[in-house]
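**Q** can you look at this prediction? I've put the sequence above it.
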Amino acid sequence: MFRLRLAPLRAAVVLAVGFVLLRVVYRVVFGGASGAGTVLLDLPRVRLDGPFSHITLFGPITLVGLGNAALSAVPVAGVIVFFGLLNAVINVQSLFARGAGRGPVRAISRSLVIAWATFPALLESVRRVRVARALRGERSIASLLVPIFEQTIERALALAASMETRGFAATRVVTGLCEAPVVLTDAALNFGAVPDQTGWHLDDLNVTLLPGTLTVIVGATGSGKTSLLHSMSGLFQHFYDGTQHGRIDIAGADRASTPPRDTAGFVGLVAQNVRLGFAAETVHDEIGFALAVRGVAPSVVHVRVLEIAARLQIEHLISRPIEQLSAGEASLVAIAAALVNRPILMLVDEPLADLDTSARERVCTVLGQLAHEAGVCVVIAEHNTREFGPIADAWLHIRDHHLGAATFDVISSADPRTGLTGIDRTATGPTATGPTATVETVHPAPPQTQPLVRIRQLSVRHQADLAVNDVSFEVQTGELIALRGSNGAGKSSLLRAIALPSVADAVWVNGRDVRSLKRRSRRQAVALVPENFDDLLFSITVADECRRADRGLVGADTARTLARLLGFDEMTGAAHLLHRHPRDLSAGERLCLVMAIQLAPRPALLLLDEPTRGLDRVARTLVSAALLQAAGATSAVLFATHDDDFACGLATRTLRMQAGRLAASIEVRS
């Protein structure tokens, strides 16, 4: 409970200083900052018209006036610093969490935990959106508001959902039946009271899943895999306002009438973006969170945390701060947090999306052992099915997704290829990764004397850590280069430094130093689709995003590019998406939208960080085709990926990174 942490205090000081400066600017704008002494700047007063005639803008500014404005903000700034100091010595979030488990302040404590954990996300959102604004070449400060607000709300909602599924503020205890983890009887799911042609719905669900089995849910991007998974967790019905028909029994509990918090004792959930749902500051507290909110004695919680950590071989992470985890480590910690209650049913949403080969193998091994050795019923929604082929006991296949409707197949077979009409039977699993044969042909770039891109001794430092260490290489026109390496090797840092170089003479495109270019010229030289591609979405409809991307670019048609990336021959095929909010699209659809946005200025070098994340086999093929087209006669593509099939089938050569350096010579494909 008591330990010194400087990060909250630093954040509070920064916020307090920012508040004082904002107060001074406010006084200058609304009426000036006048007072005794010499006038520093005599701004003309401007009186507004109409209903705002009582408001006067600007006026004389004196040193005393500025001082008075700053002093008026000191009390509030002092309160901010006080709470930062309090959080530096006391784990306030843990204190609130204990208060939410019982007693009259349960509801208030629950809100305080969400607010307290969301505040750092607000500061992080400002940083991320500033980078995204530079990547899109946006000038307006107002462009920051929508993404910052949406990212903060996204964090708050993900945190609330995470706490809900871990029993936060539960009012009753429901006992689960091990014999029947999942029974769906004539069930149907949809968003809205009545299924229609525009809303997603899934019908005729009759499924029984047994203890000690591992089941994989597969289907096209946006088909509803996550919704089906959350119909079992209860978030679909009780958190996301989905509608359930028929019967869904989870370990004997009627899911329609039983919220997730009441089944947290026997249902574990690992969400798609695990970092958003982390509720504690350290790995130890995160793993033990579900027990702590139930009022379990700290000594018992500690023993259980060590037991789970040893089982997953992550004992070395116990004392580590959450923000210092790699993607693979974060996934294992999230699995450990879901296991702390010894669940009957374990639900996992796309656990392999961000992981390198070794981390994927480790996660698959852990999930397989949970099912086949510990007797847990494990259900996974996933696109990357190759690793699950040897260990899956059943496959739930959502297919024929068209105009919102989806049909459903249950394949109970050790061989997932059995009974799947229309699926490539040469692959391992019903939605095996990788492009089709039409894009597997390697296209080596012709030899050239003048490279398109030159990277010279590029280094990136994150505080005390050297993320990219003296990297140099060249890129020729027409190349598609795969950037490979384990989690934490420095791939993302390298891509960002190429797109937004901080020093001169490090990144050259078409003979021009990218650091010296203005916004529009820089985007025509190099554009990046980052791993957190949602950061680049600034508008409230897809159509607005496309218009924003086309602004000032002759011949740009982002909406048509989006339709092509989604596999539609005509714009009319994607017309139904244009009026939707970008964040209401599936992960694959949002990625294609961001790709279309970044392709609008026709960059000479297109950079992509994990471009197949969240995509099914068909969508990956479409992305492959788009990248082949992007690497044309005057351009090239560099993409970082953990997807072996995608890299091998598309790249003309490979760069490998290890510990911030190019660890091996360039592998030329011939």
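**A** Nice, thanks for sending it over.
**Q** for the helix or strand hosting residue 656, which positions count as buried?
**A** Taking DSSP states H and E as the criterion, residue 656 maps to strand 653-658. Buried residues in strand 653-658, defined by neighbour count with 16 or more other C-beta atoms under 10 Å: 653-657. The C-beta positions use only the backbone N, C-alpha and C, and glycine is treated the same way.
**Q** thought residue 470 was touching residue 457?
**A** Yes - if you go by C-beta atoms under 8 Å, residue 470 and residue 457 touch, sitting 5.3 Å apart.
**Q** show me where pLDDT drops low in the chain?
**A** Along the chain, segments meeting pLDDT under 70 span 1-5, 7-8, 49-54, 87, 89-123, 140-144, 192-199, 400-449, 664-670.
**Q** tell me the phi and psi of residue 476?
**A** Dihedral pair for residue 476: phi -100, psi 160, per degrees, to the nearest 10.
**Q** that one and residue 453, how far apart?
**A** Using C-beta to C-beta, to the nearest Å, we find residue 476 at a distance of 8 Å from residue 453.
**Q** the more surrounded of those two?
**A** residue 453 (24 against 19; other C-beta atoms under 10 Å).
**Q** backbone phi and psi for the more buried one, please?
**A** Per-residue torsions, residue 453: phi -130, psi 140 (degrees, to the nearest 10).
**Q** in space, what's closest to it - neighbours in sequence excluded?
**A** What sits nearest to residue 453 in space, not counting adjacent residues and going by C-beta to C-beta, 6 or more residues apart in numbering, is residue 475, at 3.8 Å.
**Q** how about the contacts made by that neighbour?
**A** Residues near residue 475 by C-beta atoms under 8 Å, 6 or more residues apart in numbering: 451-455, 481, 605, 636, 638.
**Q** again, but for residue 269
**A** Residue 269 touches 162, 165, 233, 235, 260, 338, 347-349, counting by C-beta under 8 Å, 6+ apart.
**Q** gap between it and residue 474?
**A** For residue 269 relative to residue 474 (C-beta to C-beta), the value is 46 Å.
**Q** residue 375 now?
**A** Distance of residue 375 to residue 474, given as C-beta to C-beta: 55 Å.
**Q** same check on residue 64?
**A** In this structure, residue 64 lies at 60 Å from residue 474, with C-beta to C-beta as the measure.
**Q** next one: residue 76
**A** Relative to residue 474, and taking C-beta to C-beta, residue 76 is found at 54 Å.
**Q** do residue 73 as well
**A** Per C-beta to C-beta, residue 73 is found 52 Å from residue 474.
**Q** what does residue 656 give?
**A** Distance, residue 656 to residue 474, by C-beta to C-beta: 16 Å.
**Q** also residue 242?
**A** Residue 242 is 51 Å from residue 474, where distance means C-beta to C-beta.
**Q** among these two, which residue is more densely surrounded?
**A** Using other C-beta under 10 Å as the criterion, residue 242 and residue 474 rank with residue 242 on top: 18 against 15.
**Q** what's the more buried one in contact with, if anything?
**A** 189-191, 227, 230-231, 236.
**Q** among the residues you listed, which are in helices?
**A** The helices, defined by DSSP state H, take in 227, 230-231, 236 from the contacts of residue 242.
**Q** just checking, residue 541 touches residue 584?
**A** No - when contacts are counted by C-beta under 8 Å, residue 541 is not listed as touching residue 584 (9.8 Å).
**Q** and those two? Which one has more around it.
**A** Shown here are residue 541 and residue 584; by other C-beta under 10 Å, residue 541 has more neighbours (15 against 11).
**Q** who's in contact with that one?
**A** So residue 541 contacts 578-582 (C-beta under 8 Å, 6+ apart).
**Q** of the residues you listed, which is the most crowded?
**A** Counting neighbours by other C-beta under 10 Å, residue 582 leads these with 23 neighbours.
**Q** thought it was touching residue 537?
**A** Yes - Residue 582 lies in contact with residue 537 (C-beta under 8 Å); the separation is 4.4 Å.
**Q** okay if I get the contacts of residue 242 as a markdown table plus distance to residue 367?
**A** Below are the contacts of residue 242 laid out as a markdown table (distance: C-beta to C-beta, whole Å):
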| residue | distance to residue 367 |
| --- | --- |
| 189 | 24 |
| 190 | 29 |
| 191 | 29 |
| 227 | 21 |
| 230 | 18 |
| 231 | 20 |
| 236 | 22 |
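**Q** closest to residue 545 among the residues you listed?
**A** Taking C-beta to C-beta as the measure, residue 545 lies nearest residue 191 of these, at 22.2 Å.
**Q** residues in contact with that closest one?
**A** Residues in contact with residue 191 (C-beta under 8 Å, 6+ apart) are 199-201, 240-243.
**Q** from the residues you listed, keep the buried residues only.
**A** Those of those that meet the buried threshold are 200-201, 242-243, by 16+ other C-beta under 10 Å.
**Q** from those, pick the one nearest residue 22.
**A** Residue 22 has its nearest neighbour among those in residue 242, at 40.8 Å by C-beta to C-beta.
**Q** partners of that closest one in the sheet?
**A** On the basis of DSSP bridges, residue 242 is bridged to residue 191.
**Q** that one and residue 178, how far apart?
**A** In terms of C-beta to C-beta, residue 242 sits 27 Å off from residue 178.
**Q** residue 520 and residue 551 touch, don't they?
**A** No - between residue 520 and residue 551 there is no contact under C-beta under 8 Å: 10.4 Å.
**Q** now flag whichever of the contacts of residue 191 is closest to residue 45.
**A** Nearest to residue 45, judged by C-beta to C-beta, of the contacts of residue 191 is residue 241 at 50.9 Å.
**Q** distance of the closest residue to residue 384 other than its chain neighbours relative to residue 392?
**A** In this structure, residue 384 finds its nearest non-sequential neighbour in residue 352, 4.4 Å apart by C-beta to C-beta, 6+ apart. Using C-beta to C-beta, we find residue 352 at a distance of 13 Å from residue 392.
**Q** adjacent strands (with direction) for the helix or strand containing residue 470?
**A** Taking DSSP H and E as the criterion, residue 470 maps to strand 465-475. Paired strands of strand 465-475, with direction, are strand 453-462 (antiparallel) (DSSP bridges).
**Q** what comes into contact with the strand it pairs with?
**A** Contacts for strand 453-462 (C-beta under 8 Å, 6+ apart): 466-475, 490, 493-494, 496-498, 501, 505-509, 526, 604-605, 636, 660.
**Q** and that strand, what's buried?
**A** For strand 453-462, a neighbour-count test (16+ other C-beta under 10 Å) marks 453-455, 458-460 as buried.
**Q** tell me which of those residues is nearest to residue 321?
**A** Out of those, the member with the shortest distance to residue 321 (by C-beta to C-beta) is residue 460, at 21.2 Å.
**Q** residue 376 is in contact with residue 215, correct?
**A** No - shown here, residue 215 and residue 376 do not form a contact pair, counting by C-beta under 8 Å, at 11.5 Å.
**Q** so which elements touch the host helix or strand of residue 14?
**A** Per DSSP H and E, residue 14 falls inside helix 6-29. The elements that helix 6-29 packs onto, with contact taken as 3 or more C-beta pairs under 8 Å, 6 or more residues apart in numbering; DSSP states H and E, are helix 63-89, helix 106-136.
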